[in-house]
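Enquirer: Coordinates for the following, if possible.
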Amino acid sequence: MSRKRHALSARDAHITSLRAAIGILVLICAGLFWGWKTAPDRLTVYTPPDLRTGSTREWWKVPEPNIYTFAVYVWQTLNRWPANGEADYRRNIDAYGTFLTPACKNYLQNEYEQRRSRGELKGRVRGIYEIPGRGFQNESPNGPGGVRVIDRDHWIATLDMGVSESYAGTSVRDAYVRYPVYVSRVDNDPDSNPWGLQIGSSEGCFAGVPQRLGYADDDSDEDSSSEVAQP
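Expert: Coordinates of the predicted model:
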C-alpha cells in the first residue's frame, strides 16, 4: 500500500512539474511573440557614397556625406521658384514640410509672409545651386562643404550656394551665400521621409546668420563679405 501511495505521489509531482514547464514555455512564447510584433519592420542603414575602400560603421551612425547631400537637396528644392515665388515658395514649404523641423517650418512660413507683404515674391523666379568646387569636403567641419557633429542626432552643415533671382526676365540678384543649416535625425514618418532626417532643430533652421560671400560675376574664390544675406 505504501509503495502505491509513493508511486501516486511521484506521478502527481511529475504532472505538476510538467504543468509548470508548460506554463513557463507559454510565457516565453508570449514574450517572443510580443517582441516579434513590436520589432520594426524597416531599418534604415546609411551608407557613405564612396565605397571603393569599403566601409564598416555602426548602423545608427549617419555619415557626414549623407548629411551634406540631404541638406543641399532639401535646401535647393525649397528655394526653387520656377514661375512665381509667391505661389512656388509657399507650395514648397508645404510639400517638403516632412523634411523640416516644426521650428524651421515656422521660421520659413514667417519669412514667406514678411517677404510677401514687402512685395518681394510675386512674379519672382529663383534658383539656387551649389558653388562649383565647394561641395562636401569636411577637411574643416566649420568651413565650406563641412559637416560638424553636435551629437549622434544633430549636425550643422555649411552650404556655400549660388542664388539667382529674376523678375520679368531681369536679374535682380546673383550672389554667393553661405548657409549654416541644422540637420536633425527624426524617425517619425518613414513613408513620407525615408531619409529619417530634417532641416533645422528646436531653435530654427540656421546655426548662424547666412552670410553673403560675394557675387556670381566675381572671379575671386575668397570670401568677399560678411554681410548678412537674405535666406
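
Enquirer: Residues in a beta bridge with the residue nearest the centre of the chain, which ones?
Expert: Note on the chain: the residue nearest the mean C-alpha position is Leu197, at 1.9 Å, using Cα atoms, centre = their mean. Per DSSP bridges, residues listed as beta-bridge partners of Leu197: Arg185.

Enquirer: so who does it touch?
Expert: Taking Cβ atoms under 8 Å, 6 or more residues apart in numbering, we find Leu197 in contact with Val62, Ile67, Phe70, Phe99, Val183, Ser184, Arg185, Val186. Quick note: C-beta positions are derived from backbone N, CA and C, even for glycine.

Enquirer: if you set the cut-off to 10 Å instead, what comes out?
Expert: Applying Cβ atoms under 10 Å, 6 or more residues apart in numbering, we find Leu197 in contact with 44, 46, 62, 66-67, 70-71, 74, 99, 153, 155, 183-187.

Enquirer: per-residue pLDDT, it?
Expert: pLDDT recorded at Leu197 is 93.

Enquirer: Please tell me how far it sits from Gly23.
Expert: Counting by Cβ to Cβ, to the nearest Å, the separation of Leu197 from Gly23 is 47 Å.

Enquirer: Same check on Pro141?
Expert: Taken as Cβ to Cβ, the span from Pro141 to Gly23 is 57 Å.

Enquirer: Of these two, which one has the most company?
Expert: Using other Cβ atoms under 10 Å, the more surrounded residue of Pro141 and Gly23 is Pro141, with 16 against 10.

Enquirer: That one contacts Ala207, doesn't it?
Expert: No: with contacts counted by Cβ atoms under 10 Å, Pro141 stays clear of Ala207, the gap being 11.7 Å.

Enquirer: Please enumerate the shared neighbours of these two.
Expert: Arg148, Trp155, Ile156, Ala157, Thr158.

Enquirer: Could you dump those residues into a markdown table and include secondary structure and neighbour count?
Expert: What follows is those, written out as a markdown table (DSSP: H, G, I helix; E, B strand; the rest coil; neighbours: other Cβ atoms under 10 Å):
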| residue | secondary structure | neighbour count |
| --- | --- | --- |
| Arg148 | strand | 18 |
| Trp155 | strand | 26 |
| Ile156 | strand | 21 |
| Ala157 | strand | 26 |
| Thr158 | strand | 25 |
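
Enquirer: of all the residues you listed, which two lie farthest apart?
Expert: Trp155 and Thr158 (10.4 Å; Cβ to Cβ).

Enquirer: Now do the shared contacts for those two.
Expert: Listed as contacting both Trp155 and Thr158 by Cβ under 10 Å, 6+ apart are Tyr68, Ala71, Pro141, Val147, Arg148, Val181, Ala207.

Enquirer: And these, which is the shakiest by pLDDT?
Expert: Lowest pLDDT among these: Pro141, with 70.

Enquirer: pLDDT below threshold where in the chain?
Expert: Scanning the chain for pLDDT under 70 picks out 1-8, 10, 12, 38-60, 139-140, 142, 216-231.

Enquirer: all helices for it, in order.
Expert: 2-38, 64-78, 85-95, 102-117 (DSSP state H).

Enquirer: Show me what the shortest one is packed against.
Expert: Using 3 or more Cβ pairs under 10 Å, 6 or more residues apart in numbering; DSSP states H and E as the contact definition, the elements that helix 85-95 packs against are helix 64-78, helix 102-117, strand 124-130.

Enquirer: Leaving out sequence neighbours, find the closest residue to Leu78.
Expert: In this structure, Leu78 finds its nearest non-sequential neighbour in Asn92, 4.9 Å apart by Cβ to Cβ, 6 or more residues apart in numbering.
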